[in-house]
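Enquirer: Give the three-dimensional model of this entry:
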Amino acid sequence: MAKQNQSSEKFKRSSCPVASTLDIIGDKWTLLVVRDLFAGKRTYSEFQGSPEKIPTNILADRLKRLAEYEIVVKKPYQHHPVRYEYLLTAKGKDLGPVLMTMVQWGEKHLPGTKAQIIPAKEAKP
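Expert: Numbers count the residues shown, from 1 in each chain. As a prediction, this is how the structure comes out:
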């Protein structure tokens, strides 16, 4: 937990919860990775198959940061060679309503957008 607090303080611009949250998930890619987790993706190769085509170096960095902030947990699912899957933690699942609100806003105000399915059981806090 100390590591997370140090990481949180390192990127904190202010005590504003909006600014602090944006410091963690407010870049171009992070919420797309979280969206994919809600859609059932778990492995690096599954994330790479997303339509936005996140560059591999950025994907690796965002998964690492999400793990550092305890939004995901990284677990090995294969040992030779070692491969990992990423799972939302309770903290990560709490982002479900944020994503749903963004989906609703996008569908209302951005013609031509289409929501990817977010399982209802995981979108609730």
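
Enquirer: So residue 74 versus residue 85, what's the distance?
Expert: To residue 85, residue 74 is 8 Å away according to C-beta to C-beta, to the nearest Å. Bear in mind the C-beta positions are built from the backbone N, C-alpha and C, glycine included.

Enquirer: now the helix or strand hosting residue 22, how far from the chain's geometric center?
Expert: Using DSSP states H and E, residue 22 sits within helix 17-25. Distance of helix 17-25 from its chain centroid, counting by C-alpha atoms, centre = their mean, to the nearest Å, is 13 Å.

Enquirer: Which one of residue 74 and residue 85 is surrounded by more residues?
Expert: Using other C-beta atoms under 10 Å as the criterion, residue 74 and residue 85 rank with residue 85 on top: 16 against 12.

Enquirer: and stretch 113-125, average pLDDT?
Expert: On average, the pLDDT along stretch 113-125 is 60.

Enquirer: Show the low-confidence segments of this structure, by residue range.
Expert: 1-12, 117-125 (pLDDT under 70).

Enquirer: in the helix holding residue 22, what counts as buried?
Expert: Residues of helix 17-25 classed as buried by neighbour count (16 or more other C-beta atoms under 10 Å): 20, 23-25.

Enquirer: And the most centrally placed residue in the chain, how far from residue 14?
Expert: Nearest to the geometric centre of the chain sits residue 34, at 2.5 Å (C-alpha atoms, centre = their mean). Separation of residue 34 from residue 14 (C-beta to C-beta): 23 Å.

Enquirer: what comes up buried for stretch 53-61?
Expert: 54, 59.

Enquirer: cool, and stretch 25-44?
Expert: Result for stretch 25-44 [16+ other C-beta under 10 Å]: buried residues 25, 29-38, 41-42.

Enquirer: measure that stretch end to end?
Expert: 19 Å (C-alpha to C-alpha, to the nearest Å).
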